[in-house]
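Q: sharing a sequence plus its predicted fold:
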Amino acid sequence: MKRRSPYRRVKIRTINSAEVTKDNEDRWRLISTTGPTLFRVWIVGVVTEKYTGANNYIGMKIEDGTGAILIKAWDGQMESFSQWDKIEILGQIQISEQDEKVDVFITPDIIENIEDDNWFIYHKLKIVQQSQHSDREITVKSAVVEGIDLGVASLEDLKTKLKKLVKQLDQGNGVTMDDIIEKLPKIDEAQIYDAITELLESGEFFEPQVGIYSIAFE
């Protein structure tokens, strides 16, 4: 089955310095300077500006020290997050053209509030690891958050737990992200996505549909 692009951790500078082009079917593409096409990205940053408009439009300008980018959503998708100042976003690259001006922005799939500034450091370390294709393990931000035992001590532990869980739950049609989150209520949702992304990249998971996961091999 066709594997879909997982979320890729990036600095905002990587998005802003990428080349906007069109493929042979006249579809917009954003090609990073290191080669990969950017489809679904994972960023963290500080909210510096907020906008509202018609059709429950909410926009946010996010900065991470390397650049700034606009996050756009409609129909109240970000309304409950509009008071947050430090956020983590997993979203899709969007490219639009109006009056010969090309606009690159992100539409969010998941937005998380950042309460621990160490999460910024963790994100940067993961980008370095990703770019170097390193197998060196990076410990998750904490095994205990606000006195709650997450049940995992590291990202590798979480990946092992996810493989066992998906194998147990899969009845032949894959397992949804909602089902996984429901079974792991104590684990931060962003950490689950981090582990799933690595399992997709390693080929241990595949994604028959967006947000549905299956074991690729034992």
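A: Right, received. Where do you want to start? On a predicted model such as this, the values are computed, not experimentally measured, just so you know.

Q: got a list of what the nearest residue in space to residue 176 that is not next to it in sequence touches?
A: In space, and not counting its chain neighbours, residue 176 is closest to residue 212: 5.5 Å by Cβ to Cβ, 6 or more residues apart in numbering. All C-beta atoms are positioned from the backbone trio N, CA, C, and that covers glycine. Shown in contact with residue 212 (Cβ atoms under 8 Å, 6 or more residues apart in numbering): 173, 174, 175, 176, 177.

Q: now for those, which pair is the farthest apart?
A: 173 and 177 (13.9 Å; Cβ to Cβ).

Q: neighbour-wise, which of the two wins?
A: Shown here are residue 173 and residue 177; by other Cβ atoms under 10 Å, residue 177 has more neighbours (17 against 10).

Q: which one is the more buried one nearest to, not counting chain neighbours?
A: residue 211 (4.8 Å).

Q: same check on residue 23?
A: Leaving out its chain neighbours, the residue that sits closest to residue 23 by Cβ to Cβ, 6+ apart is residue 29, at 5.4 Å.

Q: just checking, that neighbour touches residue 36?
A: No: applying Cβ atoms under 8 Å as the test, residue 29 and residue 36 come out as separate, 10.8 Å apart.

Q: can I see the domain layout of the chain?
A: As assigned by automatic domain parsing, the chain contains the domains 8-113, 137-215.

Q: which of those domains comes out lowest on mean pLDDT?
A: Of all these, mean pLDDT reaches its minimum on domain 137-215 (a mean of 74).

Q: still on that earlier bit, TSV please, covering the domains of the chain and showing distance to residue 128.
A: Formatted as TSV, the domains of the chain follow (distance: least, Cβ to Cβ, whole Å):
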stretch	distance to residue 128
domain 8-113	10
domain 137-215	9
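
Q: of the ones you listed, which approaches residue 119 most closely?
A: domain 137-215 (5.6 Å).

Q: run through the strands of this structure in chain order.
A: For the chain, the strands defined by DSSP state E cover 8-9, 19-22, 28-31, 40-53, 57-63, 68-73, 86-98, 101-113, 144-145, 148-149, 175-176, 205-209, 212-215.
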